[in-house]
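Colleague: mind folding the following:
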Amino acid sequence: MTQMIVLPHVELCPDGAVIEAEPGKTICQTLLENGIAIEHACEMSCACTTCHVIVREGFNSLEPAEDMEEDMLDKAWGLEPNSRLACQAEVADTALVVEIPRYSINMAREGKH
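Modeller: Residues are numbered from 1 along each chain as shown. Presented below is the predicted three-dimensional model:
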């Protein structure tokens, strides 16, 4: 198992979390299985940006993003060089520190900020 540290998020994980992630599972699957209700409006099909995360540590251990993910990431709110879609980034053997951005495009549209 690989350690994943989730930084505090006001609504989804106020105190942050340290969880064990199974290599080969996506960050999104891991968060959901551990009670962190990250948005995933397209049901993890790489068709939206609601599961956008920023990988603060361990980014280079992830397989590179494919073109489809890169195209979607261009539309993400708060995009950073180490941004990934949690539904596409599979956990490897290196510990990760993950930040869930305060807003997603869906949240901004729905006035939840």
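
Colleague: where does pLDDT dip in the protein?
Modeller: 105-113 (pLDDT under 70).

Colleague: need phi/psi at residue 56.
Modeller: Main-chain torsions, residue 56, degrees, to the nearest 10: phi -80, psi -30.

Colleague: could you do residue 70 as well?
Modeller: Dihedral angles (degrees, to the nearest 10) for residue 70: phi -60, psi -40.

Colleague: what's the neighbour count on it?
Modeller: Neighbour count of residue 70, defined by other C-beta atoms under 10 Å: 13. Bear in mind the C-beta positions are built from the backbone N, C-alpha and C, glycine included.

Colleague: quick one: it from residue 21, how far?
Modeller: Plainly put, residue 70 is 23 Å away from residue 21 if you go by C-beta to C-beta, to the nearest Å.

Colleague: cool, and residue 54?
Modeller: 16 Å.

Colleague: thought residue 8 was touching residue 14, still the case?
Modeller: Yes - using C-beta atoms under 8 Å, residue 14 is in contact with residue 8, at 5.9 Å.
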